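Q: Test case, fold it:
(one chain, ligands or ions: 1)
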Amino acid sequence: MPGLAQLHGLQRVSAGVPRVQSVPLCKARHLLWLMLSAAAAHAQPAAQVRPEDTEVWKPVPPIVSPAPATLPAAPPADAIVLFDGTNLDEWINTSDGSPAAWSVADRCMVVVKQAGNIETRRKFRNYELHLEWRVPADVTGSGQARANSGVFLASTGKGDRGYELQILDSYRNDTYVNGMAGSIYKQSAPLANASRKPGEWQSYDVVWKAPVFGADGTLTSPARATVLFNGVLVQDDFELRGETVYIGAPAYTPHGDSPIKLQAHNDPSAAPSFRNIWVRALP
Ligand code: MG
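A: Numbers count the residues shown, from 1 in each chain. All right, here's what the predicted structure looks like:
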């Protein structure tokens, strides 16, 4: 700790002539306190941005039991079929573009977690998407670690870059509401919890309007998503604030037409399955 003489040194003389007279002891102590406080504040790291900061827990969306399933829903005549139960020809590994390495059995594809995310070879702008998914009947885990997956309505890069419509077992499984099934991850909770029990097939029907960027990269029009979950409206023309992120605030980065991506989430619960995925391009 500096002594009073050193404090006086703050009013160091120039050419032997003091510019400021020595301060009284009480003022010197106050000055010392200010110095130490400033040093301590400088030494502390900036406040950490935590995942919890963007979790929303209330209000909890009402449970709306969907009508009995009429799945699989056959594709309209002009649909591009992305998965018909036979092969993964339309899909590639997100990380390196190699053939998708998820498994196909019983006319559905099953997430292989160690293989990572997969995405469509084709790119899309605005579209209507139908997708069916199923949580294993014997699923275990809780919260986000219970059959977590997701469909990225536009994949803007490797990993989880893009705009995620969450897939999760939200049947009697509490988590933050902007991370439950039917949510636009950490941006918009679903209007209802229309989850079916594990073991039953469920559906998403999505209308996606891609964001529009000007020639200089500025956002001209944000992305919009309408989602029906098991036939129940859960996202009503929601305007996204940017790409969905686990930590921090969403933001837009300019991009063009993009693949649709499915998530291999790194949690220990049993992997979900998909079937009957088709898309119709929109103007
Ligand atoms: Mg997910």
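
Q: which non-adjacent residue is nearest the residue of the stretch 51-200 of the chain found nearest the ion?
A: Per CB to the ion, Gly150 is where the stretch 51-200 of the chain lies closest to the ion, at 3.3 Å. Placement of C-beta: from N, CA and C, glycine included. Of all residues not flanking Gly150 in the chain, Gln263 sits nearest, at 3.9 Å (CB to CB, 6 or more residues apart in numbering).

Q: can you pull the contacts of that neighbour?
A: Shown in contact with Gln263 (CB atoms under 8 Å, 6 or more residues apart in numbering): 111, 117, 148-152, 160, 164, 167.

Q: Tell me how many other residues crowd Val207.
A: Val207 has 18 neighbours, counted by other CB atoms under 10 Å.

Q: err, Asn178, not the other one
A: What Asn178 shows, counting by other CB under 10 Å, is a neighbour count of 19.

Q: is it fair to say it lies in a helix?
A: Yes: counting by DSSP: H, G, I helix; E, B strand; the rest coil, Asn178 is part of a helix.

Q: who are the neighbours in contact with it?
A: Shown in contact with Asn178 (CB under 8 Å, 6+ apart): 54-56, 184-189.

Q: Quick check: the two most widely separated of those?
A: Largest separation among the contacts of Asn178 by CB to CB: Glu55 and Ile184, giving 14.1 Å.

Q: between these two, which one's more packed in?
A: Neighbours were counted for Glu55 and for Ile184 using other CB under 10 Å; Ile184 has more, 25 against 14.

Q: Write out the residues of the stretch 101-250 of the chain neighbouring the ion.
A: Selection of the stretch 101-250 of the chain residues close to the ion by CB under 5 Å from the ion yields 148, 150.

Q: in the stretch 101-250 of the chain, which spans are strands?
A: 103-105, 108-110, 118-120, 127-134, 149-155, 162-167, 201-209, 212-213, 219-221, 224-229, 232-239 (DSSP state E, counting those that start in this stretch).

Q: what's the domain layout of this protein?
A: Domains of the chain are assigned by automatic domain parsing as 4-42, 51-281.

Q: Tell me which of those domains is the most buried.
A: domain 51-281 (a mean of 18; mean count of other CB atoms under 10 Å).

Q: What average pLDDT does that one get?
A: Per-residue pLDDT values over domain 51-281 give a mean of 97.

Q: Report the distance from it to the chain centre.
A: Distance, stretch centre to chain centre, for domain 51-281: 10 Å (CA atoms, centre = their mean, to the nearest Å).

Q: start the count at 20, not 1, going forward
A: Right, with 20 as the first residue, what we last looked at is domain 70-300.

Q: And it, end to end?
A: End-to-end distance of domain 70-300 (CA to CA, to the nearest Å): 35 Å.

Q: again, but for stretch 187-203
A: End-to-end span of stretch 187-203 (CA to CA): 12 Å.

Q: what's the answer for stretch 115-123, then?
A: Start and end residues of stretch 115-123 are separated by 20 Å (CA to CA).

Q: In this structure Tyr265 contacts Gly198, no?
A: No: under the criterion of CB atoms under 8 Å, Tyr265 is not in contact with Gly198, lying 9.5 Å apart.

Q: and for these two, which residues touch both?
A: By CB under 8 Å, 6+ apart, the residues touching both Tyr265 and Gly198 are Lys205.

Q: ok, back up a step: what bridges to the residue of the stretch 70-219 of the chain closest to the ion?
A: With DSSP bridges as the criterion, Gly169 is bridged to Gln185.

Q: One more: the one 5 residues further on?
A: Assessed by DSSP bridges, Ser174 has beta-bridge partners Gly181.

Q: Make a markdown table out of the strands of the stretch 120-269 of the chain and add distance to Phe293.
A: Shown next, in a markdown table, are these (distance: least, CB to CB, whole Å):
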| stretch | distance to Phe293 |
| --- | --- |
| strand 122-124 | 10 |
| strand 127-129 | 5 |
| strand 137-139 | 10 |
| strand 146-153 | 5 |
| strand 168-174 | 8 |
| strand 181-186 | 9 |
| strand 220-228 | 10 |
| strand 231-232 | 29 |
| strand 238-240 | 30 |
| strand 243-248 | 15 |
| strand 251-258 | 18 |
